[in-house]
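In: structure for the following, please:
(one chain, ligands or ions: 1)
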Amino acid sequence: MTKILDVIGCHPFKPEDKRSMLIRKDSFVDFIFPPDNPYTSDLSRLIVGTDTLLVGTYQLAPGGSFDPPDIHPGDEAYYILNGTVTQQNSVSGQFIQAKQGESIWMPREAWHKAYNFTDEIVRILFFIAPKPWDDQIPPPDFPVGEDMKMYKGKNNDKFDNVSPLADLTRQGTTDDIGQWPIPGPEGRKPPHPFYVITEEKKLLNVHGWKNPMLIKFFVSNDILHMGEFILPTGGTGPRTSDPDSHAGDCVLFVVDGPVTVNLPDTQEIYIVEEEDAMFIPKGVRYQLINFTNHVVKAIFSIAPGL
Ligand SMILES: [Fe+2]
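Out: Numbering: from 1, shown residues only. Prediction:
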């Protein structure tokens, strides 16, 4: 039996033992949030938890909502794997929805609570950096029940009034890498606005001019970067992205695969099947290879530096 608080910073290795590793789904660590109350829980699976980041999936049953609300000392980004999630900021009273293929960014210190108002299972890939929780899960002092700001909330008047939030309407460029959908320091100020990154609002770019691979950033700021690597099929050999490495640690989660990962400096090859993950420590060069007959896609979570 593995207790989540005992492993969140050291799965599948301690920070001092970090190395490139294929993490298959059968080695994810299962837990519920909150750990002490299954009646209001979601089903979570920890993929990687180390000193720079935490990546996992969680699942909300139809009609379900996790309670109490959660909060982190780091930023959190979601990628919706299945279904439609409704997300509440319990203090600002902001509600947003994101559906399969879309993303949500929540700045650190933002109280959040997820609902599933549909008859489908909601599944989310979540990414928190640098630190998910202090020493208590759930965190203490959460706004509970009637204390949350919401429609005809009994205590709405005790919360600050929120000025109308700016909508994200601008078109992105390469210079927006590092400040998408909003510069981190600006977005972390009260009222801690959430952003939904729909398909149209992803920040597009291309890696490599000889061997182009499409990149769609959901979030890119001073703490974390999350998005999609989309590698087409076809060429004179298997389609292969140019080598890349990062100033932070990287977790790849494959949604359309398998994706073959090559570490050119050590000639290590990993076949990453769908819903499996690959950990690549900072500074390690890697490239993606598509040996299939279809477009392959991996969700990347990188922290802190790209
Ligand atoms: Fe969270």
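
In: for the closest residue to the ion within the chain, give me its contacts.
Out: Closest approach between the chain and the ion, counting by CB to the ion: D70, at 4.2 Å. To be clear about C-beta, it is placed using only N, CA and C from the backbone, and glycine gets the same treatment. Shown in contact with D70 (CB atoms under 8 Å, 6 or more residues apart in numbering): 33, 111-113, 138-139, 142.

In: now do M213
Out: By CB under 8 Å, 6+ apart, the contact set of M213 is 206-207, 229-231, 241-242, 288.

In: 10 Å instead?
Out: Shown in contact with M213 (CB atoms under 10 Å, 6 or more residues apart in numbering): 205-207, 229-232, 239-242, 244, 287-288, 290.

In: got a PyMOL select line for the buried ones in those?
Out: Filtering the contacts of M213 down to the buried ones (16 or more other CB atoms under 10 Å) takes a single PyMOL command:
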select buried, resi 205+207+229+230+231+239+240+241+244+287+288+290
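
In: all helices for the stretch 51-200 of the chain, in order.
Out: Counting by DSSP state H, counting those that start in this stretch, the segments of the stretch 51-200 of the chain that form helices are 184-187.

In: show me which residues of it sit near the ion.
Out: With CB under 5 Å from the ion as the criterion, the stretch 51-200 of the chain meets the ion at residues 70, 76.

In: where does pLDDT dip in the stretch 151-300 of the chain?
Out: Counting by pLDDT under 70, the stretch 151-300 of the chain contains no low-confidence segment.

In: what about the strands in it?
Out: Per DSSP state E, counting those that start in this stretch, the stretch 151-300 of the chain has strands spanning 195-197, 203-207, 213-220, 225-231, 239-240, 249-256, 259-263, 268-272, 277-280, 287-290, 296-303. These are given in chain order.

In: repeat for the stretch 1-150 of the chain
Out: Applying DSSP E, counting those that start in this stretch to the stretch 1-150 of the chain gives strands spanning 21-23, 29-33, 42-49, 54-60, 75-82, 84-89, 95-99, 103-106, 112-115, 122-129.

In: and those, which one is worst for confidence?
Out: Comparing mean pLDDT over these, the weakest stretch is strand 29-33, at a mean of 93.

In: that one near the ion at all?
Out: No: using CB under 5 Å from the ion, strand 29-33 never reaches the ion; the gap is at least 8.2 Å.

In: ok so, going back, so can I have CSV of the strands of the stretch 151-300 of the chain showing distance to Q88?
Out: Shown next, in CSV, are those (distance: least, CB to CB, whole Å):
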stretch, distance to Q88
strand 195-197, 13
strand 203-207, 26
strand 213-220, 19
strand 225-231, 21
strand 239-240, 42
strand 249-256, 25
strand 259-263, 34
strand 268-272, 34
strand 277-280, 28
strand 287-290, 36
strand 296-303, 23
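
In: residues touching the closest residue to R45 other than its chain neighbours, list them.
Out: The shortest distance from R45 to any non-neighbouring residue, by CB to CB, 6 or more residues apart in numbering, is to F28 (4.1 Å). Residues in contact with F28 (CB under 10 Å, 6+ apart) are 11-12, 44-48, 56-57, 275-277.

In: apply 8 Å and report the result again.
Out: 45-47, 56-57 are the contacts of F28 under CB under 8 Å, 6+ apart.

In: cool, and H72?
Out: 108-109, 128, 131-133.

In: now do 6 Å
Out: By CB atoms under 6 Å, 6 or more residues apart in numbering, the contact set of H72 is 108, 128, 132.

In: cool, E120 as well?
Out: Neighbours of E120 in contact, by CB under 6 Å, 6+ apart: G83.

In: repeat the analysis, applying 7 Å as the threshold.
Out: E120 is in contact with 62, 82-83, counting by CB atoms under 7 Å, 6 or more residues apart in numbering.

In: return the member of the contacts of D70 nearest to I182.
Out: Distance to I182 across these (CB to CB) is lowest for H112, with 16.7 Å.

In: that closest one contacts P68, doesn't it?
Out: No: judged on CB atoms under 7 Å, H112 makes no contact with P68 at a distance of 10.7 Å.
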